[in-house]
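S.K.: below: sequence and its predicted model.
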Amino acid sequence: MMPSSTSRPAPAATVEAVHRIGDAAPHSAFTDLVRYRDAWFCAYREARTHMSEDGAIRVLTSPDGRDWTSAALLTREATDLRDPKFVPRPDGRLQMLAAAATGEATKAFQTVTWVSEDGHRWGEPTPVGEPGIWVWQAGWQGGAMYGVGYATREPKFVRLYRSGDGVDLQPVVPTLFMGGYPNESGLVFEPDGTAICLLRRDRETATAQLGKAKPPYRDWEWTDLGVQVGGPALLRLPDGRLIAGVRLLDGGARTAICAVDPDRGELTELVALPSGGDCSYPGLDWHEGVLRVSYYSSHEEKTCVYLAEVALDPID
């Protein structure tokens, strides 16, 4: 891991508490976290194994981040539902994206979405985007929703989508990045509209990329971060600092909270959460000075979902 030498000070981080919140299934994984209507919602996949065909999406809710109850279980016949991602909408509703994988020997992927009025009732999913391109994380900016999708078949690339209603996703940058099998991404927007993308890669050097672009997001600058990451999530703190949740592999697989400096193109590990083996895919939320992180890990007797509370020192 490269040392910290950022222009935005990297905060000291301390893990204050960790609670296991999801362990009913043999394999509980691939999380996201959001605060919505004065409560937290955590979504993740329940299944037999990491790649089994019985994936369902469990949605939990909690008023305090400690006591969690089931809000919904989303299933689809003969379909593996994977990697749910929340998208708070400007109209006050809560949207969720996921992948619907079908087929046994060779899986076919289609991004699907749900929109809920309360986080409990989700209805049936709607296919969005293009078959074979998995739209990962998305966010709203300037009256439109943007999301980065990656090709699940050859050739491997990522594509930027835009939608005025969050459902009709149309490509605006057909080839956002190629090389090294780019795939999962974290995406945030700065107050001036600048988009920042943390992009995983899995071939060749397999080092993550950090991309920046100003509206209308046609021209991107990319910086090689020199480190391999998995399951990236990005969050902008109220003070302007960028925090990432990722899986790091150097020195052993772990779920880590990192500082991101988009000006220097640097990723600095702040703290590792209790984790190991099959792990990571965090969701990030900041509320009343506490960073809450949902993630999964197999460091205990089976693969479970956890909620960590992390304290970050303020900027001096």
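M.R.: Sure thing, it's come through.
S.K.: and the residue minimising distance to the centre of the chain, what is it in contact with?
M.R.: Using CA atoms, centre = their mean, the residue of the chain that lies closest to the mean C-alpha position is residue 233, 4.2 Å off. Counting by CB atoms under 8 Å, 6 or more residues apart in numbering, residue 233 touches 32, 137, 186, 244, 245, 246, 281, 282, 283, 284. C-beta coordinates here come from the backbone N, C-alpha and C atoms, glycine included.
S.K.: so for the residues you listed, which is the shakiest by pLDDT?
M.R.: In terms of pLDDT, residue 137 ranks lowest among the contacts of residue 233, with 91.
S.K.: what's the helix or strand for residue 59?
M.R.: Using DSSP states H and E, the element containing residue 59 is strand 56-62.
S.K.: tell me the strands beside that strand, with direction?
M.R.: Paired strands of strand 56-62, with direction, are strand 39-47 (antiparallel), strand 69-74 (antiparallel) (DSSP bridges).
S.K.: do a quick rundown of the helices in the protein.
M.R.: For the chain, applying DSSP state H gives no helices.
S.K.: can you pull the poorly scored residue ranges out of it?
M.R.: Along the chain, the model assigns pLDDT under 70 to residues 1-11, 316.
S.K.: can you say which of the strands paired with strand 56-62 is nearest to residue 312?
M.R.: Comparing the strands paired with strand 56-62 against residue 312 with CB to CB, the closest turns out to be strand 39-47 (18.2 Å).
S.K.: dump the closest one to CSV, keeping only the CA atoms.
M.R.: In CSV, the C-alpha atoms belonging to strand 39-47 read as follows (Å, rounded to 0.1, in the frame of the first residue of the first chain):
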residue,chain,number,x,y,z
ALA,A,39,-33.6,4.8,9.5
TRP,A,40,-30.8,2.8,8.1
PHE,A,41,-31.4,0.2,5.4
CYS,A,42,-28.9,-2.5,4.5
ALA,A,43,-29.3,-4.7,1.5
TYR,A,44,-27.3,-7.8,0.6
ARG,A,45,-27.5,-11.2,-1.1
GLU,A,46,-28.5,-14.4,0.6
ALA,A,47,-27.6,-17.7,-1.0
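S.K.: how far does it sit from the chain's center?
M.R.: Offset of strand 39-47 from its chain centre (CA atoms, centre = their mean, to the nearest Å): 12 Å.
S.K.: returning to what we had before: return the most buried member of the strands paired with strand 56-62.
M.R.: Stretch with highest mean neighbour count among these: strand 39-47 (a mean of 24; mean count of other CB atoms under 10 Å).
S.K.: tell me the contacts of the residue nearest to residue 289 when sequence neighbours are not counted?
M.R.: Distance criterion CB to CB, 6 or more residues apart in numbering; nearest residue to residue 289, sequence neighbours excluded, is residue 311 at 7.9 Å. Residue 311 makes contact with 13, 14, 16, 289, 290, 291, according to CB under 8 Å, 6+ apart.
S.K.: hang on, the last one packs against residue 284?
M.R.: Yes. Residue 291 is within contact range of residue 284, at 6.8 Å (criterion: CB atoms under 8 Å).
S.K.: mind listing the shared neighbours of the two?
M.R.: Shared contacts of residue 291 and residue 284 (CB under 8 Å, 6+ apart): 235, 243.
S.K.: list the contacts for residue 201?
M.R.: Residues near residue 201 by CB under 8 Å, 6+ apart: 179, 180, 181, 182, 183, 207, 208, 209, 228.
S.K.: just give the nearest non-adjacent residue to the residue nearest to the centre of the chain, would you?
M.R.: residue 245 (4.4 Å).
S.K.: hmm, back to that, highest neighbour count among the contacts of residue 311?
M.R.: Within those, most neighbours by other CB atoms under 10 Å means residue 291, with 24 neighbours.
S.K.: how far away is the closest residue to it other than its chain neighbours from residue 277?
M.R.: Nearest residue to residue 291, sequence neighbours excluded (CB to CB, 6+ apart): residue 310, at 4.3 Å. According to CB to CB, to the nearest Å, residue 310 and residue 277 sit 21 Å apart.
S.K.: done for today, thanks.
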